[in-house]
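**Q** quick one, what's the 3D model for this:
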Amino acid sequence: MTQQTSEPRITGAAVLLFEAREAGEMPRIGWRYDGVPLGATEIIADQGDSTAVIGPALAAMEGVNPEHTAMLCVLHDLSDPRTVAADQVAAAHPNVQDVVLGAIAEFEDDDAPDARCAHDADKLDCYLQGLRLLRQRHRVEGRIRRCREALRAASARRMADADETIDPAQWAARPAPRPGHALSPPRRRPPAIMNAMNTRAAPTPYHRPSTGRLTGAHRTAPSLTPLGTQLPERA
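**A** Take a look at the predicted model:
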């Protein structure tokens, strides 16, 4: 049976966690306007995870706060499935309300440098998804162009230009060395370790106790004292 906590504000915050979890499973429906079926698009959680990486990367290159940018990237999507965010946190702890609503308001205001990086992360993620869909033969050239034009940070535009030249299948390829830095060769195990790994250990011999018990597949006879042997006297 479900029990109600005696702290309503804690319950309100817990409800927000459930809603955030469910909202993350919803598909991003904006691609429908470009003729992409929902089955080919990502869910909201995918986009949030991606921008949480893109945002701090852009912030680091732009010299702004990466941690705060990451928070804006993650929390602004809470209001994505619903147009009103205030009722989502109305029953939560006041501090939770301040953090969530403050992050959404800052993202929407789009004035602070952190918010601009978060916006660019959002557009750059859409740009990357568009490139992936384009290679799947979806006609999303217009969306790709609009996302590219919406980027404002110089580092975001340079990353978009670089992404356009990379096939998505190459993301796991070994990166090129930085100028003046050679890639270190792959680490090799020491010869002693390799020899030990390649040498099959000898099977452990059966222990043959003198008790006549069954050990493994062998039964041994008890140890007998030869006749004529003088036994030690008992104390």
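
**Q** what's the closest non-adjacent residue to residue 64?
**A** The spatially closest residue to residue 64, leaving aside those adjacent along the chain, is residue 113, at 4.3 Å (C-beta to C-beta, 6 or more residues apart in numbering). The way it works is simple: take the backbone N, C-alpha and C, and place the C-beta from them, glycine included.

**Q** please report how far the closest residue to residue 76 other than its chain neighbours lies from residue 136.
**A** Sequence neighbours aside, residue 107 is the residue nearest to residue 76 in space, at 4.0 Å (criterion: C-beta to C-beta, 6+ apart). Going from residue 107 to residue 136 by C-beta to C-beta, to the nearest Å gives 30 Å.

**Q** between those two, which one's more packed in?
**A** The residue with more neighbours, out of residue 107 and residue 136, is residue 107; 22 against 11, by other C-beta atoms under 10 Å.

**Q** show residues contacting the host helix or strand of that one.
**A** Counting by DSSP states H and E, the element that carries residue 107 is helix 94-109. The contact list for helix 94-109 (C-beta atoms under 8 Å, 6 or more residues apart in numbering) reads 9, 12-13, 16, 71-72, 75-76, 78-79, 85-86, 88-90, 92, 112, 114-115, 118-119.

**Q** any buried residues in it, and which?
**A** Neighbour counts over helix 94-109 (16 or more other C-beta atoms under 10 Å) mark 96-97, 100-101, 103-104, 106-107 as buried.

**Q** for these, work out which two are farthest apart.
**A** Pairwise distances across these (C-beta to C-beta) peak at 16.9 Å, for the pair 96 and 107.

**Q** returning to what we had before: which among the contacts of helix 94-109 end up buried?
**A** 12-13, 16, 71-72, 75-76, 78-79, 85, 88-89, 92, 112, 114-115, 118-119.

**Q** in helices, which of those fall?
**A** 12-13, 16, 71-72, 75, 114-115, 118-119 (DSSP state H).

**Q** and residue 64, how many residues sit next to it?
**A** Residue 64 sits with 20 neighbouring residues when counted by other C-beta under 10 Å.

**Q** element containing it?
**A** Using DSSP H and E, residue 64 falls outside every helix and strand.

**Q** check contacts around it.
**A** Contacts of residue 64 (C-beta under 8 Å, 6+ apart): 113-114, 117.

**Q** mind listing the strands for this protein?
**A** 214-215, 218-219 (DSSP state E).

**Q** low pLDDT regions in the chain?
**A** By pLDDT under 70, the weakly predicted segments of the chain are 1-6, 79-86, 168-235.

**Q** so where do the helices sit in it?
**A** Counting by DSSP H, the chain has these helices, from start to end: 8-24, 44-62, 66-75, 94-109, 113-135, 141-150, 154-164, 191-198.

**Q** distance of residue 37 relative to residue 126?
**A** Residue 37 sits 17 Å away from residue 126, going by C-beta to C-beta.

**Q** then residue 137?
**A** 18 Å.

**Q** which one of those two has more residues nearby?
**A** Set residue 137 next to residue 126 and count neighbours by other C-beta under 10 Å: residue 126 wins out with 24 against 7.
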